[in-house]
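Peer 1: how does the following fold in three dimensions:
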Amino acid sequence: MSHDDSDSLCAEIARRVMGWTAADIPWAYDSQTSVWHAAGGDPVMTVFSWRPDCNDAQNMQVLDRMLELGFEIELTACCEATVVEFRHGATPVAHDEDGNRKIALLRAALVAVRDQGR
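Peer 2: Next comes the predicted model:
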C-alpha cells in the first residue's frame, strides 16, 4: 500500500468510522495545523498524528468504535494473513484479508460503515 493510499485510508477512517472532522487551528510561530475534532467539537489529535495503520492503540480505537456502532467482529490471524469480518447479527456486512492485520481491520471497517450508509 502506497503512502498516499495509507493517508487516504486513515483520513476516511477518521471521518466515517470515528465521526471526526478536520479543522485548522493556530500553531506555533504564526503557523497552523489540521486537527481532528470529535462530534461535539473537542479536539482529538493532529491529523498528522492519526495513524491507525501503524499504531496498535489507535487501531484498537477503531475496533472499539465499530463495537460502539453495533457491529460484531470476527478476526482470524495467522502468520500469512489476517481475515476480518464485520457482521450485524448473523449477517456479514464486510470482509477483508491482508498480510497486515491493521490494514485488514481498517479496510473492513470502512466497507462496513459505507454499506450501512455512514
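
Peer 1: just the CA trace of stretch 94-110, in CSV.
Peer 2: Provided in CSV are the C-alpha atoms of stretch 94-110 (Å, rounded to 0.1, in the frame of the first residue of the first chain):
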residue,chain,number,x,y,z
ALA,A,94,-17.8,-6.5,5.4
HIS,A,95,-14.8,-8.8,4.8
ASP,A,96,-11.2,-8.1,4.2
GLU,A,97,-8.0,-10.2,4.2
ASP,A,98,-4.4,-8.8,4.3
GLY,A,99,-1.0,-9.8,5.4
ASN,A,100,-1.1,-6.6,7.6
ARG,A,101,-3.7,-7.1,10.4
LYS,A,102,-4.1,-3.3,10.9
ILE,A,103,-4.8,-2.7,7.2
ALA,A,104,-7.3,-5.6,7.1
LEU,A,105,-9.2,-4.2,10.1
LEU,A,106,-9.3,-0.7,8.7
ARG,A,107,-10.4,-1.6,5.2
ALA,A,108,-13.2,-3.9,6.5
ALA,A,109,-14.3,-1.2,9.0
LEU,A,110,-14.6,1.3,6.2
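
Peer 1: got the buried residues for it?
Peer 2: 94-96, 98, 101-110 (16 or more other CB atoms under 10 Å). C-beta coordinates here come from the backbone N, C-alpha and C atoms, glycine included.

Peer 1: in CSV: those, plus distance to Trp27.
Peer 2: Below are the buried residues of stretch 94-110 laid out as CSV (distance: CB to CB, whole Å):
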residue, distance to Trp27
Ala94, 36
His95, 40
Asp96, 36
Asp98, 35
Arg101, 33
Lys102, 28
Ile103, 30
Ala104, 34
Leu105, 31
Leu106, 27
Arg107, 32
Ala108, 34
Ala109, 30
Leu110, 29
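
Peer 1: just the ones of these in helices?
Peer 2: Applying DSSP state H to these, the entries found in helices are Arg101, Lys102, Ile103, Ala104, Leu105, Leu106, Arg107, Ala108, Ala109, Leu110.

Peer 1: so which of those residues is the closest to Arg65?
Peer 2: Checking those against Arg65 with CB to CB, the nearest one is Ala109 at 8.0 Å.

Peer 1: no further questions, thank you.
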